[in-house]
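> need coordinates for the following:
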Amino acid sequence: HPWETVTTAAMQKYPNPMNPSVVGVDVLDRHVDKSGKLHSHRLLSTEWGIPSIVKSISFTNLVSVDERLVYKPHPHEPDKTILTQEAIISVKGVSLSSYLEGLMANTISSNANKGREALEWVINRLNAEIEEFAASARGTMRNSMAAAAFVEK
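I've put the predicted structure just below:
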C-alpha cells in the first residue's frame, strides 16, 4: 500500500482482532525531527502479551522488549511501503536468560505477522469508511440537486 495509507493505519492499529491481548496504547513521546521524520514512542498495554512462563515465575520486571518499526515509501513503486521491524529483548539477572529470550523472540515473531495482518485490517476498514463517506456525500448532493430542481419548477 502507499506510504500515506500505511502510516495512517499504523497510528490506528490497536485495538484490532488480530492482537486481542493489546488493550490500549499510550503515547509517551511524539515529535518530528529536523529532517521531517516522525518519531512516536508508544507503550502497549497488554492483557497477556508476554509468554506465560515469564509471568508465572514473576520475571516480568526483569524482561524488557524494545521494538522499532520504520516505514519508508518504496523508492521505485509509489503504491508500496517498506517496513523494517526489529526487537531488542533483554532479560536481566536470570540464569535462564537465553531460554527466556528465545521464548520472547518466538512470541514477537508471531506477533509481527499478526501486526501486518492488523495493518491490512485497518487499511480495509479505512477504505470502507472512505467509500461510505463518498457514497453519503454523493447521496446528499443528489438530494440537494433534486430539491433545487423541484424548487425551480
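
> give me the buried positions along stretch 104-123.
M104, T107, I108, N111, A112, K114, G115, A118, L119, W121, V122, I123 (16 or more other CB atoms under 10 Å). (Each C-beta comes from the backbone N, C-alpha and C, glycine too.)

> shouldn't the second one be within a helix?
Yes: secondary structure assignment (DSSP: H, G, I helix; E, B strand; the rest coil) places T107 inside a helix.

> ok, now how distant is it from E101?
From T107 across to E101, the span is 11 Å (CB to CB, to the nearest Å).

> which element, helix or strand, includes V23?
strand 22-32 (DSSP states H and E).

> relative to that strand, what are the paired strands and their orientations?
Strand 22-32 pairs in its sheet with strand 38-46 (antiparallel), by DSSP bridges.

> what is the mean pLDDT for the strand it pairs with?
The average pLDDT within strand 38-46 is 83.
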